[in-house]
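>>> Mind folding the following:
(chains A and B)
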Amino acid sequence: MAELTQNEKRLLAVLEKEKKADAPHIAGLLGATPEAVVQWGHLLEDKGLAAVERIVVKEFTFTDEGKTYAQNGLPETQLLRFILPGTQLADLQKHEAFRIGFGQLRKKKLITVVGTQVSKVPGASTDEDESALKNPDATSPRTKELIRRGILQECETVRNVIAITPTGLELAKKGLDLREETGTLTREMILSGSWKTANLRRYDVTKLPKKTCPGKIHPYQRIIQEMREILLDMGFEELYGDIVQQSFWNFDALFQPQDHPAREMQDTFYLRETLPLPPGWEKVKAMHLSGGETSSTGWGGTWKEEKAEQCVLRTHTTSLSIQHLARNRNPPVKAFAVGRVYRRETIDTTHLAEFEQLEGIVMDEDVSFANLLGILREFYNRMGFTSVRFKPSYYPYTEPSLDAEVYIDGIGWIEMGGAGVFREEVTAPIGISYPVLAWGLGVSRIAMLRLGLKDLRLLHKSDVAFLRETPSLRRARGGI
Amino acid sequence: MAVITLPYRYLERLTRTDRKTILEKVPLIGSDIERLEEDHADVEFFPDRPDLFSPEGVARAMRGYLGIETGLPLYPVKPSGISFTIDPKLANIRPVLGAAVIRGVSFDDESIQSIMSLQESLHWAVGRGRSKVAIGIHDMDTVKPPFRYLASPRSRKFVPLDYSEEMTMDEILEKHPKGRDYAKIVNDFPLFPLIVDRDDHVLSFPPIINGERTRVTINTKNILLDTTGTDRRAVSVAVNIICTAMAEAGAAIGSVEIEGVQTPTLTPAERTVSVKECSRLLGADLTASSMAELLKRMRFGAEPAGADTVMVKVPCYRADIMHDWDLFEDVGIAYGYDRLESHPPKTSTVGKPHPVQVAMVLAREAFTGLGYLEVMPFTLTSEEVMYARMQRPETKGVLRVLHPITVENTVVRTELLPLLLEFLTFNRHRELPQRLFTVGDVVVDCRTHQQAAGVSTHPDADFSEAYASADAVLHELSVDYTVRESADPAFIDGRRGDIIVAGKRVGVFGEIHPAVLTAFELEHPVAAFEFDLRAVPGYPGP
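The predicted model follows:
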């Protein structure tokens, strides 16, 4: 049984003696208001210790007008008393009750008027009306008439009768702790030691108080941090860099031909700004035109410096990876980046013009495509995806290329990211002579699945209620 | 992406096996099955493999992969005796021409549709929207050789495909749907490319439209293929892919003479590759003969030539083989990615977070300790939100994207605070107090740096709260700062302070100006602050 509050106990103690009583009566005994007593009574009733009976009583009271008549008699009674044999109408008109009384007497046919002469009819009496006024009865037509005339009014009063139940009685008989309750444990009580005798009010532990919301990082940020931590654990160095990139590093250095559809205005955000090409750009040009000194044929066609100088909002974080490699040509290099990338997409529930991409690279003397599969398996396993499989894919700057798929219960195989070995056409011009394993994945895809979002935009235009309600720990079956 | 329709019965006949076997394995050569319908499958292939953009090409690859027919497919070519001349005036307009004769085709509506769709996919993947390569397919029996590829006056008239009236070439660009779509490729030239026959009948106005005269119908028996463009290799690949696909369907290929050269030859290219290099790249233990076998399953000609060398013959339709590694990928595909022994590399390195991320993580920690909730707004925004509503002048060095998608995405953010106020607008109906923060990139003058900002809104939000919160976050990040009165118009005069570090303004805090609140349709006071994370000691320089 739930705990009783101090007030409930006091009420129960009174009821033990009274058994059954009106709320105002109990209120008098407890020095409380009847309303409070009824409220405590209901709380006891919820626990099966008392019963509150609500009795509705209809009562009649006098209006202000009625109060005068109750003392002096109804106007018609007063006027009737005044009529003696030979009373003239003019005399009657002087009486203060004339205006209402005369009409009533005529209506009730208690008087006759002949010329100026007013006389009672034999046996004329208003006793029954007076009786209906003094002892109203809801069923009497006379009482109803008095209500209509605005002399009497009907009102409902509610009586609350509280009675103890056998269970309540049993509990009360066992004895109730009626010591004064203390709400707040104060500094004084702690210092003085009075807490030892204090009766600290007990709380209903099942009742949640008003909710409070902690400050916290965004659920999406949490997923990003989780991925960062996994890669840091796996020995990767983190990269972070500019959103604005030269086409040279975003496309050309990655062997993306200058006429590639992804480089068109409708897919990439171009800026008016340009940057001068870095030293060594001629090697990249030679690679595009003829394959440089490798076994590649290159793309042929033409290669324009102006196109490479133009700035774009980076379309992938690979632009950071390639610059990191250009600065760090000696093996080993293990690096990753998580950053926002931009595609000129029409924004809808599953497409955004900007989204986070995670990318990792490994460069070392003897790393292979099989090692890349190993890294991916390890990474996805640590993300909580236990089933991972690979299939051939195509990316312009990797060869061989693959897509990684993970299995999610209830959904099936889902494509999670792409990977491959950087083409020699990419690594040779920047002076890298070892294989570079590279992989990337869309972070928002995992976020969408894990957070159960149907609209990607909510990651960036979040509802505060969603942020407050989403718990920091959110992981279930198969990494989602 | 190219989604190819594969009718089951045709595919089964060409592949010589059942649909279940084919559909189970087709993703393993590099594709995604989009839809399975009752009589056909729609399968997406990658843009580097235009030779798979037809049922014939897919069947050829699958016969190899499944071991039904391996090695180099041979396509005999007989000279047709037909010749083309090229007008030297085309040198700067559209100089490259490829052509072929395809005899003995038997079309129905479905196979016409199939070759049209191959043509369109090639226009996309190889032709760069017809600018690099455009393909025309003609009923050869409606015209007479020899043919001439001309630079024609724009006033030349002919009846374009799907029309019954003659139109000038200029009119075609203006009125014909294809003319309007592709006008930009030729519009700047004084003369237009045109292919005509002996009697001056128009075959084609490349890259725009064919003539109605040579329309291909179910009665067409012999095809003349014309392929024009700006890049010799791309034009030749397109010709090879169409010719070999038609040959797979049973047609006979004839070469034509262009400027004295017989074309196409459909002969393979040769490459000599190292077994050791391939084994090292894939992480698989291969021998010359096992590697040759795997290559044959991918339809290459391959013969071991010594212990470490394989001589490879690359079929003429494989446009993607630019480098030895392209062959090694095919070896890997034939071997099976799932059969490779995958294990992480032994490379030993130590993980190292980027100092920018370290500072951002610390800033987030300080904010969340104060009860602030993180939001992650977009980095693309508008001048309206960034400056107009803030009553602020435009930040010098703000970047505008050249072709924004919407009016809401015209600039890259230079500050974070306006986006937080916009967030309060989105969440007006949510319970107060609301304390939000964001930490992230802003871009000024092409350089990216990071800022941190917080807002607090509730009926009692005021200057003191803004000051105390800013102070707490700055303190946690060990930023040694002073404060002086600010003139930032986004805040109330007398209730705004600039954060000064080493004599430089690095941030601002205070009570947001009521006119700014009104502009963001907010009804409660907002205490706000923002500062530049470059003020954090030890922050990495640009």
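
>>> where in the chain is pLDDT low?
Assuming you mean chain A. For chain A, residues meeting the criterion pLDDT under 70 lie at A:1-2, A:475-480.

>>> try again with chain B
Scanning chain B for pLDDT under 70 picks out B:541-542.

>>> So the closest residue in space to B:Leu161 that isn't next to it in sequence: helix, strand or coil?
Residue nearest to B:Leu161 in three dimensions, not counting chain neighbours: B:Asn210, with 4.8 Å by Cβ to Cβ, 6 or more residues apart in numbering or on different chains. To be clear about C-beta, it is placed using only N, CA and C from the backbone, and glycine gets the same treatment. State at B:Asn210, reduced to three classes by DSSP: H, G, I helix; E, B strand; the rest coil: strand.

>>> ok, now which ones touch the closest residue to chain A within chain B?
Closest to chain A within chain B is B:Gly283: 2.8 Å, counting by Cβ to the nearest Cβ. Counting by Cβ atoms under 8 Å, 6 or more residues apart in numbering or on different chains, B:Gly283 touches A:368-371, B:340-341.

>>> Please apply the same query to B:Gly71.
For B:Gly71, the residues meeting the contact criterion (Cβ under 8 Å, 6+ apart) are B:64, B:296, B:299-302.

>>> out of the residues you listed, which are inside helices?
Within the contacts of B:Gly71, residues falling in helices by DSSP state H are B:64, B:296.

>>> among the contacts of B:Gly71, who's most crowded?
Counting by other Cβ atoms under 10 Å in any protein chain shown, B:Ala302 has the largest number of neighbours within the contacts of B:Gly71, with 28 neighbours.

>>> From what I see, that residue and B:Ala292 are in contact.
Yes: contact status for B:Ala302 versus B:Ala292: in contact at 4.0 Å, counting by Cβ atoms under 8 Å.

>>> Give me the common contacts of those two.
Common neighbours of B:Ala302 and B:Ala292 (criterion: Cβ under 8 Å, 6+ apart): B:Val310.

>>> Quick one, which of the contacts of B:Gly283 are buried?
For the contacts of B:Gly283, a burial check counting by 16 or more other Cβ atoms under 10 Å in any protein chain shown picks out A:368-371, B:340.

>>> how about the residues you listed in CSV, adding secondary structure and distance to A:His324?
Output for those, formatted as CSV (DSSP: H, G, I helix; E, B strand; the rest coil; distance: Cβ to Cβ, whole Å):
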residue, secondary structure, distance to A:His324
A:Ser368, coil, 21
A:Phe369, helix, 21
A:Ala370, helix, 24
A:Asn371, helix, 19
B:Leu340, coil, 27
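
>>> Identify the residues contacting residue 137.
Answering for chain A, as no chain was given. Contacts of A:Asp137 were listed using Cβ under 8 Å, 6+ apart, and they are A:Thr143.

>>> looking at chain B here, not the other one
When contacts are taken as Cβ under 8 Å, 6+ apart, B:Ile137 is in contact with B:115-116, B:119, B:210, B:216, B:223-225, B:242.

>>> Could you work out the most separated pair of the residues you listed?
When Cβ to Cβ is used, the two most widely separated members of these are B:Met116 and B:Leu224, lying 15.7 Å apart.

>>> Neighbour count: the two, which is higher?
Looking at B:Met116 and B:Leu224 with other Cβ under 10 Å, you find the greater number of neighbours at B:Leu224, namely 29 against 12.

>>> tell me which element that one falls in.
Under DSSP states H and E, the secondary-structure element containing B:Leu224 is strand B:222-229.

>>> Okay, now the sheet partners of that strand, with direction.
Partner strands and pairing direction for strand B:222-229 (DSSP bridges) are strand B:96-103 (antiparallel), strand B:133-139 (antiparallel).

>>> Looking at those strands, which is nearest to B:Val501?
Once Cβ to Cβ is applied to these, the stretch that comes out nearest is strand B:133-139, at 59.1 Å.

>>> circling back to that earlier point, wait, which of the buried ones among the contacts of B:Gly283 is closest to B:Gly136?
Set against B:Gly136, the nearest of those by Cβ to Cβ is A:Phe369 (41.4 Å).

>>> For that closest one, give me its contacts.
Listed by Cβ under 8 Å, 6+ apart, the contact set of A:Phe369 reads A:400, A:420-421, A:437, B:281-283, B:332, B:340.

>>> let's go with 10 Å and repeat that
A:390, A:398-402, A:419-421, A:435, A:437, B:280-284, B:325, B:328-329, B:332, B:337, B:340, B:342 (Cβ atoms under 10 Å, 6 or more residues apart in numbering or on different chains).

>>> Narrow those residues to those in strands?
With strands taken from DSSP state E, the overlap with these comprises A:390, A:398-402, A:419-421, A:437.

>>> mind putting those residues in CSV, neighbour count included?
Converted to CSV, the ones in strands among the contacts of A:Phe369 look like this (neighbours: other Cβ atoms under 10 Å in any protein chain shown):
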residue, neighbour count
A:Phe390, 20
A:Thr398, 28
A:Glu399, 28
A:Pro400, 26
A:Ser401, 23
A:Leu402, 28
A:Ala419, 25
A:Gly420, 26
A:Val421, 29
A:Leu437, 27
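
>>> restrict the residues you listed to contacts with chain B.
When contact is defined as Cβ under 10 Å from any Cβ of the partner chain, those meet chain B at A:390, A:398-402, A:420-421, A:437.

>>> The stretch 351-480 of chain A: helices as residue ranges?
Taking DSSP state H, counting those that start in this stretch to define them, one finds helices in the stretch 351-480 of chain A at A:369-382, A:424-427, A:443-451, A:464-469.

>>> quick check: angle from the first one to helix A:443-451?
For helix A:369-382 and helix A:443-451, the angle between their directions (axes from the mean of the first three to the mean of the last three Cα atoms, to 10 degrees) works out to 30 degrees.

>>> quick one: buried residues of helix A:369-382?
Residues of helix A:369-382 classed as buried by neighbour count (16+ other Cβ under 10 Å): A:369-380, A:382.

>>> Grab the nearest non-local neighbour of B:Arg273.
Actually, residue B:273 is Val rather than Arg. B:Asp324 (4.8 Å).

>>> The one you found contacts B:Arg280, doesn't it?
No: using Cβ atoms under 10 Å as the test, B:Asp324 is too far from B:Arg280 to be in contact (12.0 Å).

>>> domains of chain A?
A:6-60+A:156-196, A:64-150, A:220-469 (automatic domain parsing).

>>> Quickly compare the ones you listed and say which is most buried.
Mean neighbour count, computed with mean count of other Cβ atoms under 10 Å in any protein chain shown, is highest for domain A:220-469 among those, reaching a mean of 20.

>>> For that domain, measure first residue to last.
Using Cα to Cα, to the nearest Å, the gap from the first to the last residue of domain A:220-469 comes to 14 Å.

>>> quick one: common contacting residues for B:Asp324 and B:Arg280?
In terms of Cβ under 10 Å, 6+ apart, B:Asp324 and B:Arg280 are both contacted by the residues B:Ser274.

>>> distance of the residue of chain A most remote from its centre from A:Ser119?
The centre of chain A is farthest from one residue, A:Gly86, which by Cα atoms, centre = their mean lies 86.6 Å away. A:Gly86 is 8 Å from A:Ser119, where distance means Cβ to Cβ, to the nearest Å.

>>> In contact with residue 418, which residues?
Using chain A here. When the contact criterion is Cβ under 10 Å, 6+ apart, the partners of A:Gly418 are A:359, A:393-395, A:398, A:401-404, A:438-442.

>>> please go with chain B instead
Shown in contact with B:Pro418 (Cβ under 10 Å, 6+ apart): B:377, B:381-382, B:384-390, B:392, B:453, B:490, B:516, B:519-520, B:530.

>>> one step back: was I right about the residue farthest from the centre of chain A contacting A:Val118?
Yes: using Cβ under 10 Å as the test, A:Gly86 is close enough to A:Val118 to be in contact (9.2 Å).

>>> Show me the common contact partners of those two, please.
With contacts defined as Cβ under 10 Å, 6+ apart, no residue is adjacent to both A:Gly86 and A:Val118.
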